[in-house]
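Chemist: no sequence for this one, just the structure:
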């Protein structure tokens, strides 16, 4: 039996071929009726609901077959727990979808050199394993069997979202969960759906691949405790891999699922509005405290448009000139990413053209954001961390602020000059947030955790990386400054932040089969550490944080119960006789791709070039690791001083 959807001509649930509608037909199904990307104050559109209606019937039967075109060896793992046949090759397909604390993969043909691997059967197996994991955790917590476990699903506007949503619903129902369809949503909203009444779901899944191309998709997982750790996602993917391999050998399955459609985004938006009203406490306009402010939102055709019409407009702000609010899973204007230069340039131009007080840039699923001040200055990366640090240190003097280890020495001075403590930690937003949680549990007051990519979490907001909440904090401070008589704008809070004189990022691809890439990357990075410790790179020393309970390059905990390492990385500070300590080099293994990122910062002219040459000649080539690495980008920079 095949399941027919209103705009999907055929859903072969276990086929690796995705039959998707055209961009034009999907736009008609998923987008509000905007004739232009410029937003005017004339509309009061509600947040769009799920693109498809009647996605699932009461009884859903999926028929599939999985002929294998080549001979592969199989082995039995026994019947004590699974009673299944495991195909090694198929196990690896699911395990490779794990990207740290998320699941990500190619969901649609169109990427050169990449095959579709995030298929409906893969998503169904992962979702079922997550549902079972949630049920098992609740039963362990409560000490008795649980029923009616409730799990919500939200998604960004990617064109593969509707089809893969069916797979999520099927997997959760197969696990025994009740499923709730939030439709178009944001990642932070999915977590908040486990907190805010009357919803208070037991768990939630967000379907998104953040700022990655439209061909990608993925899953993020939440319980009432917050986002899952890399170790927990690894456990879920391992169990899903066994289910997936088992089902490839079967003929059919029958699942019964009734997803309940819910409008959670209205509740989430109201939650944000109430925070702004309460904390501004405007003496003249308590209900519309943003009167007199023009704020421009660039949603990048992702899920962030709701913040314009359901938060800012209802609080009295003028949002004329806002950009790309209509959800479009093809992302036709620019990458929805606050780090994207085009996104920032367009927002800057709109702010200056309209003499606006603030510009906001969201990523696709709104767990990250950046801003533009009233002078047109883009604020992201270190600048955004500095801005949030200035705001948080006014409210919580002396607090510790956790960032990843790619932030500048100038940012450390900015934080400490304001009485704060700066803890540098492993790259990866989940690592940074979890470090803040751990420090608080150890009695070290830590109110802000932020990565240079724009992921930022606050203790006051459930340690949740919420781009909309970050912007709420900035807006509140902006209005407070105005009420106190200041006309300088939010950018004045970071006017004394020094910028690195030079900053470069280089990428080194790992030349290896995908299954060996992680081990090869680890080998290269451990060799880097050994070379520094043995003094083979003159003037290079592993960086450390001293009293932050972190040593060995700010990356490896010395706690009794250290967090597991999801990707290896080290940072070295670099000194010479002429300039003393003038820069650093950070080498890390990518969680998402088979490559290594090398970040360099210097406070002197030519510093990055000299460090890159030493890195290539005295480490990459001298150690021999270049034999399994593609160092062409390093060569290009060392020879030309640029990678352009």
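Modeler: Nice, thanks for sending it over. This is a predicted model, so every value here is computed, not measured.
Chemist: average model confidence for stretch 525-532?
Modeler: What stretch 525-532 shows for mean pLDDT is 92.
Chemist: Same question for stretch 418-436.
Modeler: The average pLDDT for stretch 418-436 rounds to 88.
Chemist: and that stretch, how far apart are its ends?
Modeler: Stretch 418-436 has an end-to-end distance of 19 Å (CA to CA, to the nearest Å).
Chemist: What are the buried residues along it?
Modeler: By 16 or more other CB atoms under 10 Å, the buried positions in stretch 418-436 come out as 418, 420-436. No exception for glycine: its C-beta is placed from N, CA and C like everyone else's.
Chemist: Would you state the strands of the stretch 251-400 of the chain in chain order?
Modeler: Assigned by DSSP state E, counting those that start in this stretch, the strands in the stretch 251-400 of the chain fall at 252-256, 260-261, 295-298, 358-362, 369-372, 378-379, 400-404.
Chemist: one step back: list the ones among the buried residues of stretch 418-436 that fall in strands.
Modeler: 421, 422, 423, 424, 425 (DSSP state E).
Chemist: Show me what the first one is bridged to.
Modeler: The partner list for residue 421 in beta bridges (DSSP bridges) reads residue 400.
Chemist: before we move on, what about the last one?
Modeler: The bridge-partner assignment for residue 425, based on DSSP bridges, gives residue 404.
Chemist: about what we covered before: specify the stretch among the strands of the stretch 251-400 of the chain that is closest to residue 240.
Modeler: Proximity to residue 240 (CB to CB) singles out strand 252-256 among the strands of the stretch 251-400 of the chain, at 15.0 Å.
Chemist: Can you list the residue ranges for helices in the stretch 101-250 of the chain?
Modeler: Using DSSP state H, counting those that start in this stretch, the helices found in the stretch 101-250 of the chain span residues 120-142, 161-175, 187-192, 230-247.
Chemist: Can you say which of those helices is nearest to residue 295?
Modeler: Nearest to residue 295, of the helices of the stretch 101-250 of the chain and by CB to CB, is helix 187-192 at 19.0 Å.
Chemist: rewinding a little: want to try TSV for the ones in strands among the buried residues of stretch 418-436, with distance to residue 164 as columns?
Modeler: Formatted as TSV, these follow (distance: CB to CB, whole Å):
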residue	distance to residue 164
421	43
422	40
423	38
424	37
425	33
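Chemist: Partner strands of the strand or helix carrying residue 507, with direction?
Modeler: In the assignment (DSSP states H and E), residue 507 maps to strand 502-510. In the sheet, strand 502-510 lines up against strand 595-602 (antiparallel), strand 629-630 (antiparallel) (DSSP bridges).
Chemist: Show me how the chain divides into domains.
Modeler: For the chain, the structural domains run 85-262, 266-493, 502-640, going by the TED database.
Chemist: Mind telling me which of these the model trusts least?
Modeler: Among these, domain 502-640 scores lowest, with a mean of 84.
Chemist: Quick one: end-to-end length of that domain, please.
Modeler: 15 Å.
Chemist: how about the residue nearest to residue 160 when sequence neighbours are not counted, what does it touch?
Modeler: Leaving aside its chain neighbours, residue 160 sits nearest to residue 107 (4.1 Å; criterion: CB to CB, 6 or more residues apart in numbering). Remark: with contacts taken as CB atoms under 8 Å, 6 or more residues apart in numbering, residue 107 is in contact with 18, 116, 118, 119, 158, 160, 164, 209, 215, 216, 217.
Chemist: Much appreciated, bye for now.
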